[in-house]
Structure formats: structure tokens, C-alpha cells
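Return a 3D structure for these sequence lines:
(one chain, ligands or ions: 1)
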Amino acid sequence: MLFAVRMDVDIPRDLDPAVREETVAREKAYSQQLQRAGEWRHIWRVVGRYSNISVFDVSSNERLHDILWGLPLFPYMTIEVTPLAAHPSQA
Ligand SMILES: O=C(O)CC1=CCC(=O)O1
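Numbering: from 1, shown residues only. Below is the predicted model of the structure:
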């Protein structure tokens, strides 16, 4: 099952810089592990924003929910999920 997911990140400015750095590092490791496993297919920066648009290929809605819930930056994100279906014009 394919999903496009937009993540808008808004880390509070007064967050301890060490906590910020450690959380962002954990986010990167978490993301890259899922990319290597094939569930996080794409991640693209949204130009000019602290946001990304990602494509996930997961077995179920529950699996995607668990992945998103587990994001280290989850408490600082607004997330929009769009389920994808094959387009009839896909060559
Ligand atoms: O920087 C972001 O867009 C947030 C993020 C998600 C996965 C990752 O490595 O960073």
C-alpha cells in the first residue's frame, strides 16, 4: 500500500539545543533504517520549508500509523497522509 505523507516540522525555538540535535540525529537514523528496509521509498525536501514529502510502501494503515507515531520528531510535526492508487495513464 502506497501513501504520500507530508511532514511539516515545527521544533520550539526554546528547546534545549542538545535535545534538538539528538532528536534530529535519531530521526535521521530511524528514517534511513526504514529506507533500507524498503518501507520509506522516497523523501523529498519541500523547497523553502522545514517540511518533507515522503512516499511509504507499507503492509497496512496500522503499519504506517506505527511508523509515523514512532518518529522522534513526531511531537513537533503536523502530518498529512494521502493514500495512493495506480493512475490509469501510468505507462
Ligand atoms: O527534516 C525533515 O523533514 C524531518 C525528517 C523526517 C525524516 C528525516 O530524516 O528528517
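
do the longest helix along the chain and the ligand meet?
Looking across the chain with DSSP state H, the single longest helix is helix 17-37. Yes - using C-beta under 6 Å from any ligand atom, helix 17-37 comes into contact with the ligand via 27, 28, 31. The C-beta positions use only the backbone N, C-alpha and C, and glycine is treated the same way.

Just the buried ones out of the residues you listed, please.
With burial judged by 16 or more other C-beta atoms under 10 Å, the buried subset of the residues of helix 17-37 next to the ligand is 27, 31.

Can I get the residues of helix 17-37 next to the ligand in TSV including pLDDT?
Converted to TSV, the residues of helix 17-37 next to the ligand look like this (pLDDT from 0 to 100):
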residue	pLDDT
27	98
28	98
31	98
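
Tabulate the residues of helix 17-37 next to the ligand in CSV, adding columns for distance to residue 56.
Shown next, in CSV, are those (distance: C-beta to C-beta, whole Å):
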residue, distance to residue 56
27, 15
28, 17
31, 11
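
Just the residues contacting the next helix-or-strand element following the longest helix of the chain, thanks.
Next along the chain after helix 17-37, taking DSSP states H and E as the criterion, comes strand 40-45. Contact with strand 40-45 is made by 2, 31, 34, 35, 51, 52, 53, 54, 55, 56, 57, 67, as judged by C-beta atoms under 8 Å, 6 or more residues apart in numbering.
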